[in-house]
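Student: no sequence for this one, just the structure:
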């Protein structure tokens, strides 16, 4: 209420005149909308809904007494029937602005000005205005955060640039090694970093078009994610739209992308678990798992009912950075209204990084959300680009993890599992214990030698460790059990009952039966993994069902499955049987169809060749361009591939020399799987590129990237990469310790260039994290 002044008598006189008269139509300020209610004792009351004049009536009629309650009651208030469209439009604009402002104050700044009841009253009023005037509904209205029927499935879409993971540093030495490597690669004496908290949530990429929220994607496999736009719209810390004035002030284009982490605050997690307990439902393990599941709900109203916060950490436009420094990007995001984490700092050198890490790891229990470490990024974005990235992680950033959490528990039993390569691995069955954010009931024991080293027997009390997503493991025996029992590796496979063997020189015992159902199940799960063929819906119970039911005897059989076969499969639980059903079966069939066109590197990885991981599969696909080319490669040719040594080369040869595997490849071909690398589109091979149409041979160790990365960039720019020097070779790129290829290049008078020269010829953008 304003202070008394010389105009106070005039205001009182005007108010008295107004109360003595019947309200007439009048011009309505955008902050006002007359709202009629029956007053106590009869009569109508017209309330002012303005924040600036709370508790004042614009007038009343009838015999009832005037009311003096606040102008924003906690009950729903309906607009006067027949409100003029121009008045309703002004009021809707005002309400939208006010609701967005209060959302920002509450969810982003944590400085609420009004109560929940008052906020709800504003929201109800806006909904009712929009219901009476549908033409006033806008996509960025706060009422449109939740809308539409539940979806049947989550679509997938590619990221504008790859979303990489981060390498980890677990102690001071590893953090200082990161700083040293970065300085050496950047060729500078010192580096400035930005230190941030590593929130324990799930990554989200949000794209804006003309300032309006357009598409939101999960991280997925880093190259493509699931479209969860309806769910992202429910997050109050994700603006539905940003004005051109704000964008201009921040120096951000109207089309841009924001990447960040979605977390569930601890308080919201505790409330949710209290609700679960009240409804006699099982409690959730940790906020991260809840956030991940909530964000992928098919029904956005469920997402809206749970408190999730979005903390941005990257700003992009056209897949590239907008500003010259990471710090400037964070400041711009704050200016746009995003909830940028305030616990960040600009740091100079390794000593300040260590101090920042120690400070926040010591304070992490006082934070309102879980963190799983700290992140340090080179601040200068030009230096980030110079440092580049490996296939999985940028060289300009590092995650500092806290020490692995430990807990003590008792080993109830030791069981063995059979993996896809036949490895028979012992696993400890534990008394459930909470460690590293989850309840752990099993821990790997690796092999019989590890059990002997630990001196472990069934019944012992042990120390279990878990850090991040690492599989829990037993690190030592804390106390020998009173009735401890020794463990012996079984002489036969626990599944197929064939004899197992431990090859000379290896610590792992293996089942060599290629038809073992346990091996097949693990092979299918590996094949269907999102990093391989990405067959969504093909989970463990469904794999058990199709294998145990005799529907699938090898990987190629997956592509002979029928929807009706899958629909009738049932999942047995302790209380009931659940049928897969037609809709879920159709989704699996669609995922199988989509998997036929995945890139070659994913197929090579999915085949499950021993010792061939994601990175090696990528290098092999880049070098040989087809499964046939890989199958025909000699050991010597395979060893020419970066990071492929004798053991991996022999394993690849053994895989393709198997008649069973050759038949599998042929059947996959007949089922329509793409077994060769798709040629790059014409627009990816610019005719004016210095690399386009040229043939390169790589030799020696490159400083800023591996030979595989260099080959991939050359191909992306329209060039060719060969494994041997000939008269058709245009350039030999020589790194440190070059081999015989350099001498042959000199003999044939082929141009020899270094890494800096080939980088100057390339124009391939470096992926952002």
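Tutor: Looks like it came in fine. Please read these numbers as outputs of a predicted model, since none were measured by experiment.
Student: per-domain residue ranges of the chain.
Tutor: For the chain, the structural domains run 8-136, 168-400, 406-503, 517-595, 600-670, 682-761, going by automatic domain parsing.
Student: after the host helix or strand of residue 261 comes which helix or strand?
Tutor: Under the criterion of DSSP states H and E, residue 261 resides in strand 256-263. Once the chain leaves strand 256-263, the next helix or strand it forms, by DSSP H and E, is helix 266-278.
Student: who does the helix or strand following that next one touch, helix- and strand-wise?
Tutor: Moving toward the C-terminus from helix 266-278, the next helix or strand (DSSP H and E) is helix 287-295. If you count contacts as 3 or more C-beta pairs under 8 Å, 6 or more residues apart in numbering; DSSP states H and E, helix 287-295 packs onto strand 202-209, helix 229-232, strand 256-263, helix 266-278, helix 300-304. The C-beta positions use only the backbone N, C-alpha and C, and glycine is treated the same way.
Student: from the chain's centroid, how far away is helix 287-295?
Tutor: In terms of C-alpha atoms, centre = their mean, to the nearest Å, the centre of helix 287-295 is found 11 Å from the chain centre.
Student: check stretch 720-727 too.
Tutor: Averaging C-alpha positions (C-alpha atoms, centre = their mean) puts stretch 720-727 39 Å from its chain's average.
Student: in it, what counts as buried?
Tutor: Within stretch 720-727, the residues that count as buried by 16 or more other C-beta atoms under 10 Å are 720, 721, 722, 725.
Student: what's it in contact with?
Tutor: The contact list for stretch 720-727, computed with C-beta atoms under 8 Å, 6 or more residues apart in numbering, reads 622-623, 637, 640, 693-698, 711, 714-715, 728-729, 732, 741, 744-745, 748, 750.
Student: distance between the ends of it?
Tutor: Using C-alpha to C-alpha, to the nearest Å, one end of stretch 720-727 lies 14 Å from the other.
Student: low-scoring pLDDT stretches of the stretch 151-300 of the chain, where are they?
Tutor: Where the stretch 151-300 of the chain drops to pLDDT under 70, the residues are 151-152.
Student: which of the helices and strands in this structure ranks last by mean pLDDT?
Tutor: strand 57-61 (a mean of 32; mean pLDDT, DSSP states H and E).
Student: moving C-terminal of it, what's the next helix or strand?
Tutor: helix 85-103.
Student: for the next helix or strand after that next one, packing partners?
Tutor: Using DSSP H and E, the helix or strand that follows helix 85-103 in sequence is helix 116-132. Applying 3+ C-beta pairs under 8 Å, 6+ apart, we find helix 116-132 packed against helix 85-103.
Student: if you count neighbours, what's buried in the helix it packs on?
Tutor: Neighbour counts over helix 85-103 (16+ other C-beta under 10 Å) mark 87-92, 94-96, 98-100, 102-103 as buried.
Student: okay, now the sheet partners of the strand holding residue 261, with direction.
Tutor: Take DSSP bridges as the rule and strand 256-263 pairs in its sheet with strand 202-209 (antiparallel), strand 309-317 (antiparallel).
Student: between helix 266-278 and that strand, find me the angle.
Tutor: Calculated by axes from the mean of the first three to the mean of the last three C-alpha atoms, to 10 degrees, strand 256-263 forms an angle of 50 degrees with helix 266-278.
Student: between strand 256-263 and helix 287-295, how big is the angle?
Tutor: 130 degrees.
Student: picking up where we left off before, just send the helices and strands packed on helix 287-295 back as a markdown table, with distance to residue 631 and mean neighbour count too.
Tutor: Shown next, in a markdown table, are these (distance: least, C-beta to C-beta, whole Å; neighbours: other C-beta atoms under 10 Å):
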| stretch | distance to residue 631 | mean neighbour count |
| --- | --- | --- |
| strand 202-209 | 37 | 21 |
| helix 229-232 | 42 | 23 |
| strand 256-263 | 39 | 24 |
| helix 266-278 | 51 | 14 |
| helix 300-304 | 46 | 19 |
